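1. Pasting the sequence and the predicted coordinates here, then a few questions.
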Amino acid sequence: MTALGIDNLNVWFGTDRDRVDAVKAARFDVAIGESFGLVGESGSGKSTILRAITGLAPTWSGGITVEGKALQGAKRDREFYKTVQMVFQDPYASLHPRHTVDQVLSETLHLHGMADIDARVERLLHDVGLGKRFRFRYPHQLSGGQRQRVAIARALAGEPDILLLDEPTSALDVSVQAEILNLLTDLREEHKLTYLMVSHDLPVIGHMCDRLAVMKDGEIVEIMQSDDLRNNTAKHAYSQSLLAASVVG
Ligand SMILES: Nc1ncnc2c1ncn2[C@@H]1O[C@H](COP(=O)(O)OP(=O)(O)OP(=O)(O)O)[C@@H](O)[C@H]1O
């Protein structure tokens, strides 16, 4: 069984002459425990694929399966959010300014029907490398990196299997980006997570992912192993040009 199955996925916005075909006939599978990247320039459709999975991009056709179960339309049930969680780019926008870290995490745990909320809040903070002293702080008392750690803790609260990561470090200072990427790498191992990660930054995807799909104008032009990046064996001309524009470590 695959964690995520994307089969001939088309996603569009608007109708008639205003219609934008954001994703065209995308097809890929993400294995359980795998980290899969979507890379491409701005507007190539990467985020739209994540949004279609979570029901935020309502007009789509084709197939989306989560752990073998086919999704329909834009409504997602409790079970979906138990399995799949998303981490957004901007931790400044994704946390309520008047809710403490404790409120954010307690309410999320409550929504997931968890018991022992107190202990779980402490555990989540520990898991994302924040001590107890952060528990009663408000977002404005946190740095960007600390906020993203809280957003990641919130995503982990329901013990999901799959995280959708939409440019999770690109709003952060360069000095903090590596810390968050390393945290995500550790969490994937400790919590046996599957990642589908979007980035315009090829080195980030090369570092974080086992395989990746290169997107251009709504289409997947190539799917490759991250090792192919390092060995410089990208086949498609567009992938080669992306590669030439960046240094992959
Ligand atoms: N809500 C929307 N309404 C209309 N068009 C949209 C909407 N959301 C995205 N699009 C269009 O869909 C296309 C793909 O956008 P998408 O955000 O998926 O690209 P991306 O590769 O993730 O780029 P970015 O990194 O800039 O978000 C773009 O042409 C964009 O303008």
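-> Thanks, I have it.
2. For the protein, which segments count as helices?
-> 46-54, 78-83, 91-94, 101-111, 117-127, 144-156, 174-191, 202-208, 226-230, 237-244 (DSSP state H).
3. ok, the residue nearest the centre of the chain to the ligand distance?
-> Per C-alpha atoms, centre = their mean, the C-alpha nearest to the average position across the chain is that of L165, at 1.3 Å. Distance of L165 to the ligand, given as C-beta to the nearest ligand atom, to the nearest Å: 12 Å. Any C-beta I mention is one placed from the backbone N, CA and C, and that applies to glycine too.
4. beta partners of that residue?
-> With DSSP bridges as the criterion, L165 is bridged to V87, M197.
5. so what's it up against?
-> By C-beta atoms under 8 Å, 6 or more residues apart in numbering, the contact list for L165 reads M86, V87, L184, Y195, L196, M197, V198.
6. Over to L202?
-> Counting by C-beta under 8 Å, 6+ apart, L202 has contacts V39, L229, L242, L243, A245, S246, V248.
7. Any of the residues you listed buried? List them.
-> V39, L229, L242, L243, S246, V248 (16 or more other C-beta atoms under 10 Å).
8. still on that earlier bit, out of the helices of the chain, which is closest to the ligand?
-> helix 46-54 (3.2 Å; C-beta to the nearest ligand atom).
9. So for that closest one, mean pLDDT?
-> When pLDDT is averaged over helix 46-54, the result is 97.
10. Pull out the buried positions in that helix.
-> So helix 46-54, judged by 16+ other C-beta under 10 Å, has buried residues K46, S47, T48, I49, L50, R51, A52, I53, T54.
11. Closest one of the residues you listed to F28?
-> I49 (9.1 Å; C-beta to C-beta).
12. which residues sit in contact with that closest one?
-> I49 neighbours (C-beta under 8 Å, 6+ apart): I6, L9, V11, V23, A26, L38, V198.
13. Can you add distance to the ligand, neighbour count and pLDDT and give those back as JSON lines?
-> Formatted as JSON lines, the contacts of I49 follow (distance: C-beta to the nearest ligand atom, whole Å; neighbours: other C-beta atoms under 10 Å; pLDDT from 0 to 100):
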{"residue": "I6", "distance to the ligand": "14", "neighbour count": "23", "pLDDT": "98"}
{"residue": "L9", "distance to the ligand": "12", "neighbour count": "23", "pLDDT": "98"}
{"residue": "V11", "distance to the ligand": "8", "neighbour count": "22", "pLDDT": "98"}
{"residue": "V23", "distance to the ligand": "7", "neighbour count": "25", "pLDDT": "98"}
{"residue": "A26", "distance to the ligand": "11", "neighbour count": "23", "pLDDT": "98"}
{"residue": "L38", "distance to the ligand": "8", "neighbour count": "27", "pLDDT": "97"}
{"residue": "V198", "distance to the ligand": "6", "neighbour count": "25", "pLDDT": "97"}
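14. Would you mind measuring from L165 to V20?
-> 24 Å (C-beta to C-beta, to the nearest Å).
15. Over to D127?
-> Taken as C-beta to C-beta, the span from D127 to V20 is 39 Å.
16. what about the two, which has more around it?
-> The neighbour count for D127 versus V20, taken as other C-beta atoms under 10 Å, is higher for D127 (17 against 12).
17. can you pull the contacts of that one?
-> Counted by C-beta under 8 Å, 6+ apart, D127 has contacts A153, L156, L187, E190, H191.
18. out of the residues you listed, which are buried?
-> The buried subset of those - by 16+ other C-beta under 10 Å - is A153, L156, L187.
19. what residues are up against A245?
-> L202.
20. confidence score at it?
-> The model's pLDDT for A245 equals 74.
21. for A234, same thing?
-> So A234 comes in at 74 (pLDDT).
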